[in-house]
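>>> okay, sequence plus prediction incoming.
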Amino acid sequence: MGERVEQITLLEQRESVTLDSDRLQQLYTQLGESGAEDVVCRALEELAARLTLTERFYREGRVDDMRKSARSLIAIADQIGMGALTRVARDVTLCIDHHDAVALAATLSRLLRIGERSLQEIWGVQDHSV
């Protein structure tokens, strides 16, 4: 009998993210350049912290804390125009509410990917606006 060869395919998962430039412009109009940059920088720091917390709570099985963290991600991301991150954080809370562990694992992974891409994207916008 011949030797069996197994082939593994690695799927690259890319998430496209878009920022709501109108939302950002609205912040700049309302708060001025310095005020808006302060709000956006604080929001980015908080988003990064909340993404880390959300993942940690998941690993620790702290579902109630995870849900609270995901809910705060929704509010923060929405404030600075991160629509994809807002939607996926909502999806995470729905998975928790429906007690769907498989969907939660997949959706949390997606949240972390989109969160990372969104943070990179908005830092790029910030760098170009200075």
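That came through, no problem.

>>> so is Arg4 in a helix, a strand, or just coil?
Using DSSP: H, G, I helix; E, B strand; the rest coil as the criterion, the local structure at Arg4 reads coil.

>>> how many other residues sit next to it?
The number of residues packed around Arg4, counting by other CB atoms under 10 Å, is 5. For glycine as for every other residue, the C-beta is placed from the backbone atoms N, C-alpha and C.

>>> swap in Ile114?
Residues within reach of Ile114, counting by other CB under 10 Å, total 23.

>>> tell me which residues of the longest helix seen in the chain are tucked away?
Across the chain, the helix with the greatest residue count (assigned by DSSP state H) is helix 21-60. Using 16 or more other CB atoms under 10 Å as the test for burial, helix 21-60 gives 24, 27-28, 36-37, 39-40, 43-44, 46-47, 50-51, 53-55, 57-58.

>>> so for the chain, the centremost residue is which one?
Closest to where the C-alpha atoms of the chain average out (CA atoms, centre = their mean) is Gly115, at 2.7 Å.

>>> and Gln30, what is it in contact with?
Contacts were defined as CB atoms under 8 Å, 6 or more residues apart in numbering; by that measure Gln30 touches Ala36.

>>> Arg117 versus that one, what's the distance?
For Gln30, the distance to Arg117 (CB to CB, to the nearest Å) stands at 26 Å.

>>> ok, Ser118 touching Ala84?
Yes - taking CB atoms under 8 Å as the definition, Ser118 is a contact partner of Ala84 at 6.6 Å.

>>> which elements pack onto the helix or strand of the chain with the lowest mean pLDDT?
Taking all helices and strands of the chain together, the one with the lowest average confidence (mean pLDDT, DSSP states H and E) is helix 101-129, at a mean of 83. Helix 101-129 is packed against helix 21-60, helix 63-79, helix 83-97, with contacts defined by 3 or more CB pairs under 8 Å, 6 or more residues apart in numbering; DSSP states H and E.
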